[in-house]
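Turn this into a structure:
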Amino acid sequence: MDFSLRTLLDLVPRLISRRSLEGRGSCRAGNLQERGGSAGASPSRWRLRLLLALLFAWSLSGQPSSFDSASALLADEPAEERADRAPSCGTDAEDKARARKRPMTKRAAFKRCAPQAVNIEVIGRDNEGKWASHGAGSILHEDGYILTCEHVTVSGVSHKVTLRDGSEFDYKVLGRAGGSYDTAVLKIETDEPLPTVTLGRSDDVRVGQRAMVIGNAGGRPHTVNYGVVEQVACGGGTQIHIGKANILPGDSGGPVFNLHGEQIAHVHVKITTMQNASRHIRIDHVRDAFAKVFMNEDRYDYAIGIEVDCHADDCPVTSVAADSPAAEAGVRVGDVITQLDSMRIGMGLHYVLALMDRVGADPVTLAIDRDGEALAVEVTPRRQ
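Have a look, this model is predicted:
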């Protein structure tokens, strides 16, 4: 017979259940046997002996797993991860979808996500001498746009972003959204496309879900902490609460990932009155910062007259201002923007990044998908 460790472990609750059903009747019979010196054994004992024999036979069968596998199977883990490994009776498509939802191991998650995180350092001088401030962030677009928290963006004489491979770049601050948003956007100039984060959804975050925080604790690049989500909405619904992760100075702005490799928040503050507890800006609140703060064209010298959906998986146009440059160029509500000049636009947040950094006096070309038809529209921004 072909025994697997999981098959054998699945026998345990059945045996325990059968043993409990035998209950008091078999207990009395067992006592009589013991008093009479009988060499016979109760059915429950025979079952346990059989299980031990099966385990011994399995250990000699050359299975590739070791007893470490048993430890992993019996380890304390979130129910969602156990459920994800349960056998599936669905279609091939459903099985593939389930496989995509399976959490990665901690090591695999860090290997995948670490290149998407950056370290931030600001060097300054004051009356007391030289000082350094550290933070972290994530790469939101391959052209060098960095997401971090607003309180990391202090002024100094040197402002640097360090990538996972150790390369350093000066950065500029494109925008800040303070208060509950605690969100900022930085820009570095690179010659090569950078690996970017995949953004999750706040509604998909669950209590008990594991989380991974990549930061810059004390200026040590790419430090990692693992924790557990304890509240999915706190701070007026703008934050998530994570326990068991030792957040330190320098972690601010660092991305918080789930074990699917999706960024679900960025580091906001450590709760000093509790042990290893911290709060983080929910990723959907970050989207709100882009929609309500950064997309407001009153902030900029030039305007196009377009609003997009910052919560969508692509970049649909939701509003075109009357008599605006976009309206005059023929842009319509429902058009999906896929590119602005040479910059790829994969979602609404990307368009807002372009609005912050690439829209000026010169005409821009928008690549648009209109009901499956690819169009190129030239728009000349108007000075405000």
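
which stretches of the stretch 1-150 of the chain aren't confidently modelled?
Applying pLDDT under 70 to the stretch 1-150 of the chain flags the ranges 1-100.

Repeat the analysis, applying 80 as the threshold.
1-101 (pLDDT under 80).

Pretty sure Val118 sits against Thr162.
Yes: using Cβ atoms under 8 Å, Val118 is in contact with Thr162, at 6.5 Å. C-beta here means a position set from N, CA and C on the backbone, and glycine is covered the same way.

Give me the more crowded residue out of those two.
In this comparison of Val118 against Thr162, neighbours counted by other Cβ atoms under 10 Å, the higher total goes to Val118 at 30 against 17.

Show residues contacting the helix or strand where that one lies.
Element membership of Val118 [criterion: DSSP states H and E] is strand 117-126. Counting by Cβ atoms under 8 Å, 6 or more residues apart in numbering, the neighbours of strand 117-126 from elsewhere in the structure are 130-139, 146, 148, 152, 154-164, 171, 186, 214, 216, 219, 221-222, 253-255.

where do the strands sit along the stretch 151-300 of the chain?
Across the stretch 151-300 of the chain, reading from the start of the chain, the strands by DSSP state E, counting those that start in this stretch fall at 158-162, 168-170, 172-177, 183-187, 198-199, 210-215, 223-234, 239-243, 255-258, 262-270, 277-282.

Give me the sheet partners of the longest one and which way each runs.
In the sheet, strand 223-234 lines up against strand 210-215 (antiparallel), strand 239-243 (antiparallel) (DSSP bridges).

Could you do the first one as well?
Here strand 158-162 is paired, per DSSP bridges, with strand 117-126 (antiparallel), strand 168-170 (antiparallel).

Just want the angle from it to strand 183-187.
Regarding strand 158-162 and strand 183-187, their directions subtend 90 degrees when assessed with axes from the mean of the first three to the mean of the last three Cα atoms, to 10 degrees.

Gly137 is in contact with Pro255, correct?
Yes: contact status for Pro255 versus Gly137: in contact at 7.4 Å, counting by Cβ under 8 Å.

quick one: common contacting residues for the two?
Common neighbours of Pro255 and Gly137 (criterion: Cβ under 8 Å, 6+ apart): 117, 147, 266.

so the second one is in which element?
With elements delineated by DSSP H and E, Leu147 resides in strand 145-148, which encompasses its position.

if we look at that strand, which residues are touching it?
118, 120, 135-140, 161, 171, 174, 183-188, 197, 252-253, 255, 266, 286, 353, 357.

got the phi/psi numbers for Leu349?
As for Leu349, its main-chain torsions (degrees, to the nearest 10) stand at phi -60, psi -30.

At which residues are the helices of the protein located?
In order along the chain, the chain carries the following helices (DSSP state H): 5-36, 43-59, 67-74, 79-84, 92-101, 106-113, 283-289, 325-329, 348-357.

Now do the last one against strand 172-177, angle only.
Regarding helix 348-357 and strand 172-177, their directions subtend 120 degrees when assessed with the same axes, to 10 degrees.

pLDDT of helix 348-357, averaged?
Throughout helix 348-357, pLDDT has a mean value of 97.

OK, contacts around Asp301?
The contact partners of Asp301, by Cβ under 8 Å, 6+ apart, come to 360, 383-384.

my bad, should have said Tyr300
Residues in contact with Tyr300, defined by Cβ under 8 Å, 6+ apart, are 355-356, 359, 384.

which one of these sits closest to Arg370?
Arg370 has its nearest neighbour among these in Leu355, at 20.4 Å by Cβ to Cβ.

The closest one: neighbouring residues, count only.
26.

Hmm, it is touching Asp298, no?
No: at 11.8 Å, Leu355 and Asp298 do not qualify as touching, with contact defined as Cβ under 8 Å.

Give me the common contacts of the two.
Residues touching both Leu355 and Asp298 (Cβ under 8 Å, 6+ apart): there are none.

related to what we said a few turns ago, now tabulate the strands paired with strand 223-234 in JSON lines and tack on distance to Thr105 and mean neighbour count.
Conversion of the strands paired with strand 223-234 to JSON lines gives the following (distance: least, Cβ to Cβ, whole Å; neighbours: other Cβ atoms under 10 Å):
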{"stretch": "strand 210-215", "distance to Thr105": "11", "mean neighbour count": "25"}
{"stretch": "strand 239-243", "distance to Thr105": "19", "mean neighbour count": "23"}
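
Same list, the ones you listed, but as CSV with distance to Gly227 please.
Formatted as CSV, the strands paired with strand 223-234 follow (distance: least, Cβ to Cβ, whole Å):
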stretch, distance to Gly227
strand 210-215, 5
strand 239-243, 4
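
Export those strands as a markdown table, with columns for distance to His311 and mean pLDDT.
Rendered in a markdown table, the data for those read as follows (distance: least, Cβ to Cβ, whole Å; pLDDT from 0 to 100):
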| stretch | distance to His311 | mean pLDDT |
| --- | --- | --- |
| strand 210-215 | 21 | 98 |
| strand 239-243 | 17 | 97 |
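
can you tell which of those strands is closest to Cys113?
Closest to Cys113 of the strands paired with strand 223-234 is strand 210-215 (Cβ to Cβ; 6.4 Å).

next one: the closest one to chain centre, how far?
Using Cα atoms, centre = their mean, to the nearest Å, the mean C-alpha position of strand 210-215 is found 8 Å from that of the whole chain.

which outside residues touch it?
By Cβ under 8 Å, 6+ apart, the list of residues contacting strand 210-215 reads 78, 81, 103, 106, 109-110, 113-114, 117, 136, 222-229, 242, 245, 247-248, 250-252, 254-259, 264, 267, 280.
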